[in-house]
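Asks: Fold the following, please.
(2 chains)
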Amino acid sequence: MKTTREQGRGRMLAALPMSIWAVLFVALALLYIIGLSFLSRGEGFDAQLPITFDNYLRMAAPTYLKSLLLSLRLAFLTALCCALLGYPLAYFIAKTSPRVRTWLLILIIAPFWTNALIRIYGWKTLFIANGPLNTALLSLGIIEKPLRLLYTEKAVLVGMVYAMIPFFVLPVYSGIERLDGSIVEASRDLGAGPVRAFFTVTLPMTMPSVLAALVLTFIPSIGLFFISDLLGGSNTMLWGNVIQNELLKSRDLPFASALSVVLLTLTCIVLAVYRKLGGDAESMVF
Amino acid sequence: MTDKQPLLSLRSLSKSYETQEALRGVDLDVYAGEFLTLLGPSGCGKTTTLRLIAGLETPDGGEVYLEGKNITNLPPEKREVNTVFQNYALFPHMNVQKNIAYGLRMRGVDKKTIDEKVNHMLSLVQLEGYGKRMPSQLSGGQRQRVAIARSAVLEPKILLLDEPLGALDLQLRRQMQIELKNMQKRLGITFIYITHDQEEALNMSDRIALMREGKFVQIDTPHTLYERPSTVFAATFIGETNLLKGVVSSIEEDELMLDVDGASVPAKTVDWVIPGQKVNLCIRAERLHYSRKQKACQTLSGVMRGSRYTGSVRTAILELTNGQTLISRRTTEGDEDIASGEPVCIWWDTDTACLVRDDGEEQA
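Replies: Modelled structure (predicted):
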């Protein structure tokens, strides 16, 4: 028999390649960015000494604060819409027959096989002034002149919900599917109608997966930039767009790094809150 | 009991799942205050019967009556019966108190009454002070009692229990059997109890409904079921049984003679036999006597094939001249140590043996 100590050593050894990978590509890269964010802008696309806090102080300007608030609001709305649309869908998939379930899951996953950028372009053509959506609404007589759909915050929200909803549906689906059916039956047996059984048992019991799914949709939504770029244009400068601009247009490496560090900090705060609420990494798996 | 109106009646109830016929048109009457056990091997339709009574399944045919009212199409929340699930199915996100209060809350009972009833229930199942614990912090036996309390607090007409002791270890199981039986008396609620454990069924029930392949084989008191099983299945499923196959040679008023491979064996007469009929004689292992053969045997003779002494009882394997082996399990008081291979005489008290019908499994 191996002692627990030996077993522990074995486990550490097995995790070594993964640890090296994590240190090289995650920890070092992050440290590099954090380091950069405290340097001054150099010649061209470079950074140089002296060490400064200017990059962070610059963010106090109204443009950046506005962008931060817009990013947070859109990310929040995205997560919320994903929840409102995604939960019923996940519930339906979990409760339907295994055959239908397989097909629905394939339909949820299928879009991942196409480039996300191309799919958002699809939405763009749908939203343009003389696009199919406006044409349909006009010919049905619901509207009199074409709606301004493209380059609005709503268009960005639609695009983001569209892009993020699989990340909500999949963990929640597996949460509902894992739910012990006899517990729901017990609530019915004890006098709860189907609706009350849902709100007193099914929903609270699948809350861990909902929480995980909210985090999984909220966090990427703060950083997304190509959707707001394509569907929102210059009207929706999200934090991701600001980073993109500073890096690729202004070519200000230290400032772009500082902006990224802020995004990273936000992510960490969300995860900390998630942990505080009792969430675990396991619920995020699907 | 038969003159009273039954509390619950099942009438030609049937249910199939995709390819399998789980229940093939069963009838059952359950009377108020009764402890009725559904006993049978797994897959015999016990759980299906219980789920149909609870309303968790809809039958393909037949009706369920509670106090004479047809409740076949009522959803579970509208039935005055409650279930204790096999895995207890406690709400893991609620503490013990909230679990027990759940049903009352659904009925819209006021807070004060809920608290009173929950506390009363907690003391009844001896879990005072456990109200704030979560189900995950309880032992198996405690969870089981919470599950019973959660259902019993609603004072249902019938409490349905689906193998509630299945997950417990033997010692706790024995203890809980007694506790459950006491609880049933204290609560005064009719219990319909599922088990596949014959000892548990004999131990606790007022009546046992023995099931097999979606049908009731025999519904009787534990005593009748054990002493007078009606079929080979009933005789062999419960207790340790020796079956002698024989042909009825003559019938007297209350005793008949059987021809068992040339040997003449007496048995008590039953109303369904005719001369020349092939029947089975059921003799319980603990009622089969044997002794070292000294002179010609009165009933059957055989050979000792080995015995095991375990203190209070001795189990012996005896081989008849026709090659069939019989098992005897007797108390060790005054027993003889007979060596393997020695000839023995085998007998029993005619009153303790009974004739049982074939249930088709022999011919199959």
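Asks: starting at the chain centroid, how far to the helix or strand of chain B with the lowest mean pLDDT?
Replies: One helix or strand of chain B scores below all others by mean pLDDT, DSSP states H and E: helix B:170-187, with a mean of 85. Counting by Cα atoms, centre = their mean, to the nearest Å, helix B:170-187 is centred 16 Å from the centre of its parent chain.
Asks: How about residues contacting that helix?
Replies: Residues from elsewhere that reach helix B:170-187 (Cβ atoms under 8 Å, 6 or more residues apart in numbering or on different chains): B:35, B:124-125, B:140-141, B:144, B:148, B:152, B:155, B:159, B:161, B:164-165, B:168, B:191, B:200, B:203-204. Just so you know, the C-beta spots here come from the backbone N, C-alpha and C atoms, and that holds for glycine as well.
Asks: same thing but at 7 Å, please
Replies: When contacts are defined by Cβ atoms under 7 Å, 6 or more residues apart in numbering or on different chains, helix B:170-187 is touched by residues B:35, B:124, B:141, B:144, B:148, B:152, B:165, B:168, B:191, B:200, B:203-204.
Asks: quick one: buried residues of it?
Replies: B:172-173, B:176-177, B:179-181, B:183-184, B:187 (16 or more other Cβ atoms under 10 Å in any protein chain shown).
Asks: closest to chain A among those residues?
Replies: For those, the minimum distance to chain A (Cβ to the nearest Cβ) is 16.3 Å, reached by residue B:187.
Asks: Distance check, the closest one against residue A:163.
Replies: 57 Å (Cβ to Cβ, to the nearest Å).
Asks: again, but for residue B:20
Replies: Taking Cβ to Cβ, one finds residue B:20 at 45 Å from residue A:163.
Asks: neighbour-wise, which of those two wins?
Replies: A direct count of neighbours by other Cβ atoms under 10 Å in any protein chain shown for residue B:20 and residue A:163 places residue A:163 higher, at 22 against 11.
Asks: Low-confidence ranges, chain B, go.
Replies: B:1-3, B:360-364 (pLDDT under 70).
Asks: Counting neighbours, what do you get for residue 156?
Replies: All of this is about chain A. When counting by other Cβ under 10 Å, one arrives at 28 neighbours for residue A:156.
Asks: The intended chain is chain B.
Replies: Neighbours of residue B:156 (other Cβ under 10 Å): 20.
Asks: Does it fall in a helix, a strand, or a coil region?
Replies: Per DSSP: H, G, I helix; E, B strand; the rest coil, the local secondary structure of residue B:156 is coil.
Asks: One more: residue B:108?
Replies: Secondary structure assignment for residue B:108 (three-state DSSP): coil.
Asks: From residue B:100, how far off is it?
Replies: Taken as Cβ to Cβ, the span from residue B:108 to residue B:100 is 16 Å.
Asks: more neighbours, the two?
Replies: Each of residue B:108 and residue B:100 has its neighbours counted (other Cβ under 10 Å); residue B:100 has more, 30 against 7.
Asks: Next secondary structure after the helix or strand encompassing that one?
Replies: Per DSSP states H and E: residue B:100 is located in helix B:96-106. Note on helix B:96-106: by DSSP H and E, the next helix or strand toward the C-terminus is helix B:111-124.
Asks: That concludes my questions; thank you for your assistance.
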